[in-house]
Structures are given as C-alpha cells and as structure tokens.
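[1] fold the following.
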Amino acid sequence: MFHKLKLSLLLLLLLLLSLSALISAECRLQNSIDAAAVTPETRTGLCKPRGENDWTFAMRLSELVNKGFITYDNACVPRGVYSWGDDCGSPYVIQENWLPYVLTVTNVNFNIADGYFRFVYANGAYMIGENQAMCEDLVGGLRVEVGCKTGFPIYGEP
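    Residues are numbered from 1 along each chain as shown. Got it, this is the predicted structure:
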C-alpha cells in the first residue's frame, strides 16, 4: 500500500512538473518578412527615423488584420515582421542573426483601445508610456488600426 501511494505521488508530481513547463513555455516568433518587397515605413504611428544605432520595435493592432510585431532599422525599413494565428502566450521571443541580443516581449495587451507592450533587450527594458513611446490611430475613420512603437538601441544601453 505504501509503495502504491509513493508511486501515485511520484506520478502526480511528474504530471504537475510537465504541466508547469507547458504553461511557462515561451513563444518563439518567426520572421515572415518578404525581403524583396521591403520599403521604408511612412506611417509615423509605426516608425519614425532615428539615429544610426537606434531602431524601432512596433506592434500593429487591427480589427481586420492579425496582430503583429515589427522591427524597423534606423531608416524605418522593416527587418522583421512577426504575426501568429493563435495566441501562443507570453513571453514572445524574437531571435535574429542581425539582432545582437534576444528581444523578449514580457507583457502585452492586444486590446485595440488599450494597446501596450513591454520588452527587454540587451541590458534595457522598453515599454509604451515611457520615453515618447505611444500608441496612435493609423487610419482614422470607421476602420480601426492602431500602431504602438518605441525606440531601442540596437547594441544595447551604454
């Protein structure tokens, strides 16, 4: 009887450990950009040109189009476009050979009326609401599309 109880407890513990690994699993995003069709972004709600080593990380929210993240270089040329059908859960991890560090979105709100994200990159944390990072309407009128953006130093904070 004692051995059966011990075995049952061990199986329960293994089940709980495997469930916690599933719950805390990160969501690795894949770049879906078409390199041949890349032109600079002109909508300032998604990107504004910055200094040589200052890039932009943005999020696009829409009622009609899938939500997505975009990484722009200093000239607002998109380098990475990341979208997904089902919410795979946070953190969302972006790792590219042209990014010196891993970019990890740790907190996000996909509600169009209250869009928000926070990410860590190198030795800094960046979020909507700090350092002129904000969300704004991209279209106006009846169709709703919102862009949220913030800058970050491609080589990390000094």
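[2] grab the most central residue of the protein for me.
    For the chain, the residue nearest the mean C-alpha position is Val105 (4.5 Å; CA atoms, centre = their mean).
[3] helices of the protein, start to end?
    2-23 (DSSP state H).
[4] in it, where is pLDDT below threshold?
    1-24, 36-37, 65-66, 84-87, 141 (pLDDT under 70).
[5] which residues touch the residue nearest to the centre of the chain?
    Contacts for Val105 (CB atoms under 8 Å, 6 or more residues apart in numbering) come out as 69, 90-94, 117-119. Just so you know, the C-beta spots here come from the backbone N, C-alpha and C atoms, and that holds for glycine as well.
[6] any idea how many residues pack against Ile112?
    Using other CB atoms under 10 Å, Ile112 is surrounded by 15 other residues.
[7] sorry, back to before: distance of the residue nearest to the centre of the chain relative to Met59?
    Per CB to CB, to the nearest Å, Val105 is found 8 Å from Met59.
[8] between these two, what contacts are shared?
    The contact lists of Val105 and Met59 share 69, 117, where a contact means CB under 8 Å, 6+ apart.
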